[in-house]
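Novice: I need the structure of the sequence given here:
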Amino acid sequence: MPHQTTPPDGEHTQIIIVGAGYAGLACAIECKRKGHQVLVLEKVQKFKVLGDVISLGSNAGRIIARWGLHDKLWDICGHAPALKLHDYRGELIQVQPLPQPLFGAYAYNGHRAQIHEVLFQYALSIGVEIRMDQDVGGYWESAETNKAGVFVQGEKLEADVVVAADGIKSQARQFILGYRDNPRPSGYSIYRAWFDAVEHGIDTDTLTDFLCKDGDVLYGWIGQDVHFLTSSQRQGKSISWVITHKDNTDIQDGWSFPGKIEDVLRIVEGWDPRCAAIISKAPSCIDWKLIVHDPLPTWLSKGARVVLIGDAAHPFLPTSVQGASQAVEDGVTLAVTLKLAGKGDVPLATRTWEAIRYQRVRKSQLLGESTRDKWHRAKPGDNGEDLDLPMPEWLHAFDAEEHAYSVYDGIAKSILEKGYLLPTIP
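Specialist: Numbering: from 1, shown residues only. The predicted structure follows:
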């Protein structure tokens, strides 16, 4: 692994990161580790314990281990040894082992807020400056000063580069594209829940106690245009479930709403009775409309000093199981290219970063679409490895940091010789 060095005083690349989610924190952590000067601006005043399960694949896990956080995350995550996939009637059709480690690194599956808190506290511990309650009102960049920045609560802040890691509602997207890129319905929605197993009777019901008898488990059921996944974490103490189904609801007013358990139960009428039993135990659920953005033509502003990363650049479907992992890869790769290009050539750094990341991200996104489609179009009698959750080596054995160091010179040289070209959407 390349030696971590700190640049001389006055040569630090100044970075403003908008958003302290997974993408923003990963970028901030790795940029700080590589000697950059980092300021994170987060809109909320205080993080709340919201959300449910999130997965970080082994491609992100090897980065997290490099930060020394394996033990902290391992203690709060679930460790299901396999995915047990059934048809909607309850017939077991495939058992897919989930080895740990995979390709030399661990994956982490746990509560979104708990994992986020570990990353947040680690960022603070290494000296990342995070300002909460900072509502960014706009972005700017200047070719004359070679600076970019944001307007926040009456103040104009500047840096060498601004990283917009503020999710699918990012204001920076319009600044970069020059037009409003509105999302559209994917045709699907997810009901999702997370709750305590004992408090809500999972352990005392013979239809549901399998979730907490023998440690952590992951079960799935697939039907026509529906799939249902449920898992237990922390030795069966916590339960989560998600059910993806057809939904063409208009999303003009938002895409996350309180759900109704009775609506979820109607989806699994006639299914394996375990499904309804698990769903009915949840005290509440969220109705999350799955939206899609067409792939953006670029993630960079005209002067290449404002950058979109994570969901702001490329939202993922849950069936990819890669949204957070690719956000981590984004941040780590950008930290490397900014270090190698130096403060004096930020545009070369960001353009090289985009060239490194664009096709890999798109390939990962498409994997999520193909997984959803094969589960939702499965026919009675379909079984075996064809229904496995894809875990290809090209995706999970990847080391974003090492890769960025290894390909930077060639890609940067090509950009300097041939000029910057917009990415090609596959």
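
Novice: now the helices: where do they sit in the stretch 101-250 of the chain?
Specialist: Shown for the stretch 101-250 of the chain, the helices assigned by DSSP state H, counting those that start in this stretch span residues 112-125, 172-177.

Novice: I'd like to know which of those helices lies nearest to Ala397.
Specialist: helix 112-125 (21.9 Å; C-beta to C-beta). C-beta coordinates here come from the backbone N, C-alpha and C atoms, glycine included.

Novice: Sheet-wise, list the partners of the lengthiest strand in the chain with their directions.
Specialist: Secondary structure of the chain per DSSP state E: the longest strand is strand 184-196. Strand 184-196 has the following strand partners under DSSP bridges: strand 238-246 (antiparallel), strand 286-292 (antiparallel).

Novice: how about the first one: buried residues?
Specialist: Along strand 238-246, the positions that meet the burial threshold by neighbour count (16 or more other C-beta atoms under 10 Å) are 238-245.

Novice: ok, now stretch 46-63?
Specialist: For stretch 46-63, burial by neighbour count (16+ other C-beta under 10 Å) applies to 51-63.

Novice: same question, stretch 295-315
Specialist: Result for stretch 295-315 [16+ other C-beta under 10 Å]: buried residues 296, 298-301, 304-315.

Novice: again with stretch 334-354
Specialist: 334-341, 343, 345-354.

Novice: mind checking which helix or strand Gly368 is in?
Specialist: helix 346-376 (DSSP states H and E).

Novice: Same question for Ala404.
Specialist: Following DSSP H and E, one finds Ala404 within helix 400-418.

Novice: How is this structure divided into domains?
Specialist: What automatic domain parsing lists as the domains of the chain is 14-79+104-181+294-381+393-418, 185-288.

Novice: Could you identify which of those is most buried?
Specialist: domain 14-79+104-181+294-381+393-418 (a mean of 20; mean count of other C-beta atoms under 10 Å).

Novice: what's the span of that domain from first residue to last?
Specialist: Here the two ends of domain 14-79+104-181+294-381+393-418 are set 28 Å apart, with distance taken as C-alpha to C-alpha, to the nearest Å.

Novice: Then stretch 148-159?
Specialist: Using C-alpha to C-alpha, one end of stretch 148-159 lies 6 Å from the other.

Novice: Can you tell me what sits against it?
Specialist: Contacting residues not belonging to stretch 148-159 are listed as 14-16, 18, 39, 41, 134-142, 145, 147, 160-162, 301, 303, 305-306 [C-beta atoms under 8 Å, 6 or more residues apart in numbering].

Novice: if we go to 6 Å?
Specialist: With C-beta atoms under 6 Å, 6 or more residues apart in numbering as the test, stretch 148-159 has contacts from 14-16, 134, 136-141, 147, 162, 305-306.

Novice: what's the answer for stretch 325-334, then?
Specialist: With contacts defined as C-beta under 6 Å, 6+ apart, stretch 325-334 is touched by 22-23, 26-27, 30, 56-57, 59-60, 63, 309-310, 353, 356-357, 361, 364, 400-401, 404.

Novice: and the angle for the helix holding Gly368 with strand 286-292?
Specialist: On the basis of axes from the mean of the first three to the mean of the last three C-alpha atoms, to 10 degrees, helix 346-376 is oriented at 120 degrees to strand 286-292.

Novice: can you count the residues close to Pro392?
Specialist: By the measure other C-beta atoms under 10 Å, the count of residues near Pro392 is 12.

Novice: per-residue pLDDT, it?
Specialist: What the model reports as pLDDT for Pro392 is 95.
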